[in-house]
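Q: what would the 3D arrangement of this be:
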Amino acid sequence: MVIWITGLSGAGKTTLAKEIISQLATENKEPILLDGDQLREIFIDSTNQAISAHDRSSRLTLALKYSELARLLSGQGFWVIVATISLFKEVHDWNRKNFQNYYEVFLDTPIEELRKRDSKKIYSRFFGNEISNVAGLDIEVDQPNSPDLLVPFDPDKSVQSLGSKIVSEVKTRCSQNEN
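A: Now for the predicted structure:
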């Protein structure tokens with residue numbers, strides 16, 4: 001099973017992924033977290049600026065590598081939870097075509113909320129003209145056409161309840177696919 005959690009920077013992808021991992025671990029699953037920030041560090045080549053750049057083309061290339069890694073691991077029986085921006089139609093389409101058990105979650109968090117959170121200072125640096133190539137601002141992104149779960153921003157929704165909902169739906173889907 002591959003659970004692909006997507007949304008803009010600061011939407012809560014990693015937080016939700018860690019909650020799902022925690023819940024799956026109690027059910028004797030073998031979950032693996034692939035976090036976009038960590039994957040970027042692994043896949044970039046510091047001598048090749050084209051790969052390490054944050055422009056749309058470079059981001060798309062990396063996102064497709066994340067998909068290929070997720071396919072490799074899920075093919076070995078692991079439950080793979082991917083937390084990454086990767087808001088590209090090409091990635092969504094590739095994932096749907098190449099994963100038998102795939103569940104896509106889109107965290108739809110407004111820019112105003114993301115600017116308040118801004119733990120990585122991406123938004124403040126962008127609006128201060130210090131950086132560019134920020135997904136959802138000067139890099140156009142593609143919202144998923146039909147995510148399995150669209151999560152509109154709700155400050156009263158707990159990450160635990162959202163994690164439980166996802167785990168429940170994914171387990172149901174897996175049992176249906178086995179029959």
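Q: what stretches of the chain score poorly on pLDDT?
A: 45-53, 178-179 (pLDDT under 70).
Q: which residues in it form helices?
A: Along the chain, the segments classed as helices by DSSP state H run 13-25, 36-43, 49-52, 56-74, 89-98, 111-117, 122-127, 159-178.
Q: which one of the ones you listed lies closest to Trp4?
A: helix 89-98 (6.0 Å; CB to CB). The way it works is simple: take the backbone N, C-alpha and C, and place the C-beta from them, glycine included.
Q: for the closest one, packing partners?
A: Helices and strands touching helix 89-98, by 3 or more CB pairs under 8 Å, 6 or more residues apart in numbering; DSSP states H and E, are helix 56-74, strand 102-108.
Q: return the most buried member of these.
A: strand 102-108 (a mean of 21; mean count of other CB atoms under 10 Å).
Q: next, the angle from that strand to helix 56-74.
A: Counting by axes from the mean of the first three to the mean of the last three CA atoms, to 10 degrees, strand 102-108 lies at 140 degrees to helix 56-74.
Q: pull up the pairing partners for strand 102-108, direction included.
A: strand 2-7 (parallel), strand 149-152 (parallel) (DSSP bridges).
Q: and the longest one with helix 89-98, angle?
A: So that's strand 2-7. Per the same axes, to 10 degrees, the angle that strand 2-7 makes with helix 89-98 is 160 degrees.
Q: output the helices and strands packed on helix 89-98 as a markdown table; include the columns distance to Val91.
A: Formatted as a markdown table, those follow (distance: least, CB to CB, whole Å):
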| stretch | distance to Val91 |
| --- | --- |
| helix 56-74 | 5 |
| strand 102-108 | 10 |
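Q: so which of these comes closest to Gly12?
A: strand 102-108 (5.7 Å).
Q: need the contact partners of the closest one.
A: For strand 102-108, the surrounding residues in contact (CB atoms under 8 Å, 6 or more residues apart in numbering) are 1-7, 11-13, 16, 92, 95-96, 143-144, 147-153, 166, 169-170, 173.
Q: whichever of the residues you listed end up buried, select them in ChimeraX.
A: To isolate the buried members of the contacts of strand 102-108 in ChimeraX, using 16 or more other CB atoms under 10 Å:
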select :1,2,3,4,5,6,7,11,12,13,16,92,95,144,147,148,149,151,166,170
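Q: I'm done for today, thanks for sticking with me.
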